[in-house]
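Undergrad: Next come a sequence and a model predicted from it.
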Amino acid sequence: MSLLERLKRLLGRARRGGGSEMISCEQALSAVYEYLDGELEAGPREQVEAHFDVCARCYPHLRLEESFRIALRGASGSVQSPPGLRERVMDLIARSEEG
Amino acid sequence: MIAASRSNAPSSFEEEALPHLDAVYRFALRLSGTPDQAEDLVQDTFLRAYRSWAQYTPGTRAKSWLFTICRNVFLRQRERGRRHDEIVQRHTAMGGGVVDAVNPLWRSLDGVDPEGAFFRSILDDEVLRAIDRLPEDYRTAVVLSDVEGLTYMEIAEMTGVPVGTVKSRLFRGRRQLQRVLYDYAVEAGVLPGGFGTRDEEDHVAP
Ligand SMILES: [Zn+2]
């Protein structure tokens, strides 16, 4: 996330009245995967987000997990199916229709 | 054009299933470990998917449906001959039952690379090799979630385990993988050598 996006979010939250009580570092860190995986409901998601936004200790954790995921996605995403596989699959299907 | 000839297929197999060919191939490659096997797996998957296309519920995710078929085919095939060694054992991730919320890796990286930028400098092939060394259950969960973006629920349905199990497989799989990549980065000289960090994995923070 860019610095600008972070700032915008912080400002937005401040305008809404700062939100509810702050969750602990332990709670935020325990939820880091669910947060990044998009598995949290709106309420908890905002709380976790709010914690990472303002906690100097936890924020690098979030970044670390993001870097990790970018690396995984990039590495596997670079894999493409071999040339001709699509045609071979289509062929196979067409032949199974005839048989 | 093939699927159009099937009266019981309301949505086109070509339009809904075939676009996921690359994704299924990626998944098959991580499951099977070799391009040849992955290709066979993909062909088998799509053939089976085509035959059962009438059972596919339009609107559900075709991708996760195809992954399910792919994994089933793989598991069935594997019974006939076990795949390459799973070097990393699943018990190394965590010693006891207590989960440490602080990533142990972070302690090793503190003051050096706290945001884990090194992950992105590791070569794709090394990352893939590390993924392939994960125990199968972890590997499946990590690939489906981190790479393919499936939800916990989708992965749970696919693999026939509760959502809680998916979470714990992801947790353990990710931490193992991070440790392997960290060790690799240290060996490759990308990061300064860690000292005594490995043992921390088995302990809970004070
Ligand atoms: Zn914190």
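TA: Great, that's in hand. Predicted model only: the values in this text are computed from it and were never measured. Numbers count the residues shown, from 1 in each chain, chains lettered A, B, ... in the order given.
Undergrad: can we go C-alpha only for contacts and neighbour counts from here?
TA: OK.
Undergrad: Could you check how many residues crowd around A:Ala42?
TA: Counted with other Cα atoms under 10 Å in any protein chain shown, residues neighbouring A:Ala42 total 9.
Undergrad: again but with A:Arg57, I slipped
TA: So A:Arg57, with other Cα under 10 Å, has 11 neighbours.
Undergrad: Could you do A:Leu36 as well?
TA: Count around A:Leu36 with other Cα under 10 Å applied: 15.
Undergrad: ditto for B:Asp113
TA: 16.
Undergrad: Report pLDDT for it.
TA: Here the pLDDT value assigned to B:Asp113 is 92.
Undergrad: Let me know the helix or strand that it is in.
TA: Under DSSP states H and E, no helix or strand contains B:Asp113.
Undergrad: who's in contact with it?
TA: Listed by Cα atoms under 8 Å, 6 or more residues apart in numbering or on different chains, the contact set of B:Asp113 is empty.
Undergrad: so after the top helix by length along chain A, what's the next helix or strand?
TA: Ordering each helix of chain A by length in residues (DSSP state H) puts helix A:59-77 first. Using DSSP H and E, the helix or strand that follows helix A:59-77 towards the C-terminus is helix A:85-98.
Undergrad: Now tell me what touches the longest helix of chain A from outside.
TA: With Cα under 8 Å, 6+ apart, helix A:59-77 has contacts from A:29, A:32, A:36, A:52-53, B:26, B:103, B:106, B:114-117, B:119-120, B:122-125, B:127-128, B:146-147, B:178.
Undergrad: Quick one: buried ones out of the residues you listed?
TA: Among the contacts of helix A:59-77, those buried by neighbour count (16 or more other Cα atoms under 10 Å in any protein chain shown) are A:29, A:32, A:52-53, B:26, B:103, B:106, B:114-117, B:119-120, B:122, B:124, B:127-128, B:146-147, B:178.
Undergrad: Out of those, list just those in helices.
TA: A:29, A:32, A:52-53, B:26, B:106, B:124, B:127-128, B:178.
Undergrad: For chain A, which residues are neighbours of the ion?
TA: Residues of chain A lying close to the ion (Cα under 5 Å from the ion) are A:25, A:55, A:58.
Undergrad: Got a ChimeraX select line for the buried ones in those?
TA: Per 16+ other Cα under 10 Å, the buried members of these correspond to this ChimeraX selection:
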select /A:25,58
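Undergrad: do you know how far the residue sitting nearest the centre point of chain A is from A:Phe68?
TA: With distances taken as Cα atoms, centre = their mean, A:Leu36 lies nearest the centre of chain A, 3.6 Å away. Taken as Cα to Cα, to the nearest Å, the spacing of A:Leu36 relative to A:Phe68 amounts to 11 Å.
Undergrad: Same question for B:Glu14.
TA: Distance, B:Glu14 to A:Phe68, using Cα to Cα: 34 Å.
Undergrad: got it, and B:Asp183?
TA: 14 Å.
Undergrad: So for the two, which sits in the more crowded spot?
TA: A:Phe68 (23 against 17).
Undergrad: Next, the closest residue to the ion within chain B: phi, psi?
TA: Of all residues in chain B, B:Val102 sits closest to the ion, at 10.2 Å by Cα to the ion. The phi/psi pair for B:Val102 (degrees, to the nearest 10) reads phi -80, psi 120.
Undergrad: now A:Ala31
TA: Torsion angles, degrees, to the nearest 10, at A:Ala31: phi -100, psi 10.
Undergrad: Give me the domain ranges for chain B.
TA: Chain B breaks down into these domains under automatic domain parsing: B:10-80, B:104-203.
Undergrad: Quick one: closest of the ones you listed to A:Lys8.
TA: domain B:104-203 (21.6 Å; Cα to Cα).
Undergrad: residues contacting the residue in chain A that the ion sits nearest to?
TA: Proximity of chain A to the ion (Cα to the ion) peaks at A:Cys25, 3.5 Å away. Neighbour list for A:Cys25: A:51, A:55, A:58 [criterion: Cα under 8 Å, 6+ apart].
Undergrad: Quick one: residues contacting the first one.
TA: By that I understand A:His51. A:22-25, A:28, A:58.
Undergrad: Near chain A, which residues of chain B are found?
TA: Taking Cα under 8 Å from any Cα of the partner chain as the contact definition, chain B meets chain A at B:2, B:18, B:21-22, B:25-26, B:39, B:42-43, B:46-47, B:50, B:101-103, B:106, B:114-117, B:119-120, B:122-125, B:127-128, B:145-147, B:149, B:151-152, B:171, B:178.
Undergrad: what pLDDT does residue 97 get?
TA: Since no chain was named, I'll use chain A. pLDDT, A:Glu97: 81.
Undergrad: ah, I was thinking of chain B
TA: 47.
Undergrad: and if you look at A:Gln47?
TA: At A:Gln47, pLDDT is 94.
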